[in-house]
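A.B. asks: Give me a model of this one.
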Amino acid sequence: MKKSNKSFEDSLNRLEEISNLLDDEELGLDESIKLYEEGIELSKVCYTKLKEAELKVTTLKKNLETGSLEELSFSE
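C.D. replies: Numbering: from 1, shown residues only. Here you go, the predicted model:
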């Protein structure tokens, strides 16, 4: 999966837009499929960003508990 430069919030907002567009009963099949594919990719971006945030919080919490002040490197 390629890395996205979109923020979590931007991706989530676009995902909501797509959901609303897909509710339109007059939307054609081809356009519906394109939007669905885009939505799947955006959901992957959101999932990845959430997992990265979870890892960062877990690591920071663990370092706080152990008193470690080591510098952490996280991809953004």
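A.B. asks: Test my guess that residue 38 contacts residue 17.
C.D. replies: No. Using Cβ atoms under 8 Å, residue 38 is not in contact with residue 17, being 9.8 Å away. Just so you know, the C-beta spots here come from the backbone N, C-alpha and C atoms, and that holds for glycine as well.
A.B. asks: Now do the buried residues in the helix or strand containing residue 31.
C.D. replies: In this structure, residue 31 sits in helix 29-66 according to DSSP states H and E. Residues of helix 29-66 classed as buried by neighbour count (16 or more other Cβ atoms under 10 Å): 35, 39, 41, 42, 45, 46, 48, 49.
A.B. asks: if you take the average position of the protein, which residue is closest to it?
C.D. replies: Geometric centre of the chain, nearest residue: residue 46, 1.1 Å, by Cα atoms, centre = their mean.
A.B. asks: for it, what are its contacts?
C.D. replies: Residues near residue 46 by Cβ atoms under 8 Å, 6 or more residues apart in numbering: 8, 11, 12, 15.
A.B. asks: residue with max distance from the center of the chain?
C.D. replies: The outermost residue of the chain relative to its centre, with distances by Cα atoms, centre = their mean, is residue 67 at 30.9 Å.
A.B. asks: any idea how far residue 59 is from that residue?
C.D. replies: Distance of residue 67 to residue 59, computed by Cβ to Cβ, to the nearest Å: 14 Å.
A.B. asks: Same check on residue 7?
C.D. replies: Residue 7 sits 21 Å away from residue 59, going by Cβ to Cβ.
A.B. asks: By mean pLDDT, flag the weakest helix or strand of this structure.
C.D. replies: Lowest mean confidence among the helices and strands of the chain (mean pLDDT, DSSP states H and E): helix 29-66, at a mean of 94.
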